[in-house]
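*Asks:* Here is a sequence with its predicted model. Questions after.
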2 protein chains.
Amino acid sequence: MKLSDLGEFGLIARIRERFPAPEGVTGIGDDCAILKPRYNSVDTLVSTDMLVEGTHFLLKDIPPYDLGWKSAAVNLSDIAAMGGEPRGTVLSLALPARTEVEWVDEFLRGYGDVSARFNTPLLGGDTTASPDRICINVTVLGEAPYATARKRADAKKGDLVCVTGTLGDSAAGLKAILEKKERDADVQALIAKHYRPVPRVAEGQQLRLNLGVHAMMDISDGIGSDLMHILEASEMNAEVDLSALPLSLALKHVCARFGWDPLELAVCGGEDYELLFTCTSQAEMLLTVPHFVIGRITDRTLAQPQISWRGATASFAGFDHFRRH
Amino acid sequence: MKLSDLGEFGLIARIRERFPAPEGVTGIGDDCAILKPRYNSVDTLVSTDMLVEGTHFLLKDIPPYDLGWKSAAVNLSDIAAMGGEPRGTVLSLALPARTEVEWVDEFLRGYGDVSARFNTPLLGGDTTASPDRICINVTVLGEAPYATARKRADAKKGDLVCVTGTLGDSAAGLKAILEKKERDADVQALIAKHYRPVPRVAEGQQLRLNLGVHAMMDISDGIGSDLMHILEASEMNAEVDLSALPLSLALKHVCARFGWDPLELAVCGGEDYELLFTCTSQAEMLLTVPHFVIGRITDRTLAQPQISWRGATASFAGFDHFRRH
């Protein structure tokens, strides 16, 4: 069935059926949704992301379930990145009349599975016709107790630089998709990391509770680029030990087979959605969140921030050139 | 200059220049923006709207300043519709590389003028390339003291039905644009109502302070359709006196000249963005917000809600057929 047969009101009814009005949220069907904050002295966190067919995804490539999953997950990751508690999302969907209703159903199923897993109800949204391409916009709302959300500018000299999981898997998954590699178990695992990232929501909140955890963000562009954002905002430098970067077995296997460079993928590949944070070494000893120490924050020496890559073989001397910005 | 010459970072720099980080809002440049609520016991209000080139607007028709204005204004109107205080917006922009930077500047100027007028800073956003069409998404955040936001379901039997301003102007303006009418002062005034609606933000908050004001919403589809939403949610009927509908002089002049039916435009035309509310007659006597009483809430008699149109000539007998939904 095409969307044009279902109509906008049919679509809205379908969405409502899948996303029943959650406890503590009212006003769906009103001009706004109403959300009661969980804390008395709260900061509201907000982030938004737009995905356009042809720019961010190709309809023929990404399964709609995965697109729905990823649309929700990467937004929740932005709340996790500051140690916040995601409370809900609003979803705008512009869909051409030719869109298959099954496609929409699968998209909503993926979106709904992330929403259910992280207890972030759909608070509202907008559905509209599009002349030709699908356009998706997600806005996520979250909360943190007043003045506790972690920012990029919070890194201090001597902090350890840590990440919550392996790097490069998502980039390798994307490369495997683009190069149409055969999908054995390892390749599948990497592609799953690319299509269905799991935002570090609980980890972000746990890290927020530790006062020795300073700067925090999520890894969307690759640590080479993302760590630079922390250094810019905090006016610091960093040393990173390339041999300490956590690499998955699947990544190592696949890189060995195809002759890819795992370190390049780990440093320059994006969309890992792991958390990148800095903390005192005392705080690090007490952390219960799984993490890997990969480097240290050092004093700024020049006007521009710098990352010194240690443990690099000759081929990594020019790592800075890989930075996207 | 084309957007492709400016680049995404140039565009972001341009937006930041125009929208400096507002007081009380931090985290722009972080993964989320952080907003401190103004009240201790607060409800957060959220609404979102997507506009797609070719569906909602034609590039060659709407001036970019007006598109920017309207994108922000109609979202603020959703907060006003519940009596909330809008606190800020997030804006996603998908733009083709061929877009003129002057177009973007004018769009941002219109968006910025509404944002400044209603003290609703740009909290964050997303900019991205689009293969061909412009797509705009605005999410607005607002607040109201706990459990005071007005909903559609709040209408009570015997309430008066009121609107905050004249009806039909925006629809007449759109009709004049579509029919390429000559733009004398009256037509200009109606087109301005269509392109640059002024959300009733202060009025909505004043109405919220009056406990005798019950259901409230903004008029986006025309009162015929919007009042029906209140009746459905409140399980009520209504009588509306057509002779009481407030009509502007410009509307009357233009309708007389072109042989248009002002009542049809007032009832079925949308996008007035006036507030439609119900209140007790005692409350109405004390209202300081300019308003017009147009009818009364009555008991539900059948399963479906009904509006009885009074003061109708024969030509209005079938008004219900004009309802959009």
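*Replies:* That came in fine, so what should we check first? Residues are numbered from 1 along each chain as shown, chains lettered A, B, ... in the order given.
*Asks:* Reduced to three states, what does A:P37 come out as?
*Replies:* Secondary structure for A:P37, judged by DSSP: H, G, I helix; E, B strand; the rest coil, is coil.
*Asks:* all helices of the stretch 1-150 of chain A, in order?
*Replies:* A:3-18, A:64-80, A:101-117 (DSSP state H, counting those that start in this stretch).
*Asks:* Quick one: closest of the ones you listed to A:T139.
*Replies:* Smallest distance to A:T139 across those (Cβ to Cβ): 7.4 Å, for helix A:64-80. All C-beta spots, glycine's among them, are computed from the backbone N, C-alpha and C.
*Asks:* what packs against the closest one?
*Replies:* Counting contacts by 3 or more Cβ pairs under 8 Å, 6 or more residues apart in numbering or on different chains; DSSP states H and E, helix A:64-80 packs against strand A:42-52, strand A:85-95, helix A:101-117, strand A:135-145, helix A:185-195, helix A:201-209, strand A:213-218.
*Asks:* any residues touching the longest one, and which ones?
*Replies:* Applying Cβ atoms under 8 Å, 6 or more residues apart in numbering or on different chains, the external contacts of helix A:101-117 come out as A:1-3, A:5-6, A:11, A:14-15, A:18-19, A:63-73, A:76, A:89, A:91, A:93, A:95, A:120-122.
*Asks:* circling back: any chance of TSV for the helices of the stretch 1-150 of chain A, columns mean pLDDT and distance to B:W309?
*Replies:* TSV is the format used below for the helices of the stretch 1-150 of chain A (pLDDT from 0 to 100; distance: least, Cβ to Cβ, whole Å):
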stretch	mean pLDDT	distance to B:W309
helix A:3-18	83	24
helix A:64-80	97	44
helix A:101-117	95	37
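*Asks:* and the stretch 51-200 of chain A, which residues reach chain B?
*Replies:* Taking Cβ under 8 Å from any Cβ of the partner chain as the test, the list of the stretch 51-200 of chain A residues beside chain B reads A:51-56, A:77-79, A:81-82, A:84, A:90-94, A:123-126, A:128-133, A:135, A:137, A:139-142, A:144, A:146, A:149, A:151-152.
*Asks:* again, 6 Å this time
*Replies:* Residues of the stretch 51-200 of chain A lying close to chain B (Cβ under 6 Å from any Cβ of the partner chain) are A:52, A:54-55, A:78, A:81-82, A:90, A:92, A:94, A:123, A:126, A:128-131, A:135, A:137, A:139, A:149, A:151-152.
*Asks:* Can you give me the neighbour number for the closest residue to A:R98 other than its chain neighbours?
*Replies:* The shortest distance from A:R98 to any non-neighbouring residue, by Cβ to Cβ, 6 or more residues apart in numbering or on different chains, is to A:K2 (5.8 Å). Using other Cβ atoms under 10 Å in any protein chain shown, A:K2 has 12 neighbouring residues.
*Asks:* With A:K70 instead?
*Replies:* Residues lying near A:K70 (other Cβ under 10 Å) number 26.
*Asks:* And for A:K60?
*Replies:* Residues contacting A:K60 under the criterion other Cβ under 10 Å number 5.
*Asks:* how much space between it and A:L6?
*Replies:* From A:K60 across to A:L6, the span is 22 Å (Cβ to Cβ, to the nearest Å).
*Asks:* Doesn't A:L174 belong to a strand?
*Replies:* No - the assignment for A:L174 (three-state DSSP) gives helix, which keeps it out of a strand.
*Asks:* Name all residues that make contact with it.
*Replies:* Residues near A:L174 by Cβ atoms under 6 Å, 6 or more residues apart in numbering or on different chains: A:H194.
*Asks:* burial measure for A:P96, as a count.
*Replies:* Neighbour count for A:P96, taken as other Cβ under 10 Å: 17.
*Asks:* Could you give the number of residues near A:A266?
*Replies:* Look at A:A266: counted by other Cβ under 10 Å, it has 27 neighbours.
*Asks:* go on, A:A256?
*Replies:* Neighbours of A:A256 under the rule other Cβ under 10 Å: 11.
*Asks:* and if you look at A:K180?
*Replies:* By the criterion of other Cβ under 10 Å, A:K180 has 7 neighbours.
*Asks:* Secondary structure class of it, three-state.
*Replies:* Assignment for A:K180 (three-state DSSP): coil.
*Asks:* What's the separation between it and chain B?
*Replies:* As for A:K180, its distance to chain B is 22 Å (criterion: Cβ to the nearest Cβ, to the nearest Å).
*Asks:* same thing with A:Y39?
*Replies:* A:Y39 sits 10 Å away from chain B, going by Cβ to the nearest Cβ.
*Asks:* And A:R38, by the same measure?
*Replies:* 11 Å.
*Asks:* what's the answer for A:L207, then?
*Replies:* With distances taken as Cβ to the nearest Cβ, A:L207 is found 14 Å from chain B.
*Asks:* what stretches of chain A score poorly on pLDDT?
*Replies:* When residues are selected by pLDDT under 70, those of chain A lie in A:22-24, A:26-28, A:312-325.
*Asks:* okay, now the domains of it?
*Replies:* A:3-145, A:152-313 (automatic domain parsing).
*Asks:* I'd like these laid out as JSON lines, including distance to B:G204.
*Replies:* Shown next, in JSON lines, are those (distance: least, Cβ to Cβ, whole Å):
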{"stretch": "domain A:3-145", "distance to B:G204": "10"}
{"stretch": "domain A:152-313", "distance to B:G204": "34"}
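*Asks:* Please identify which of these is closest to B:M228.
*Replies:* Among those, domain A:3-145 comes nearest to B:M228, with 12.9 Å by Cβ to Cβ.
*Asks:* how distant is that closest one from the center of its chain?
*Replies:* Remark: domain A:3-145 is offset 15 Å from the chain centroid, using Cα atoms, centre = their mean, to the nearest Å.
*Asks:* What of stretch A:179-197?
*Replies:* On Cα atoms, centre = their mean, the centre of stretch A:179-197 falls 17 Å from the chain's centre.
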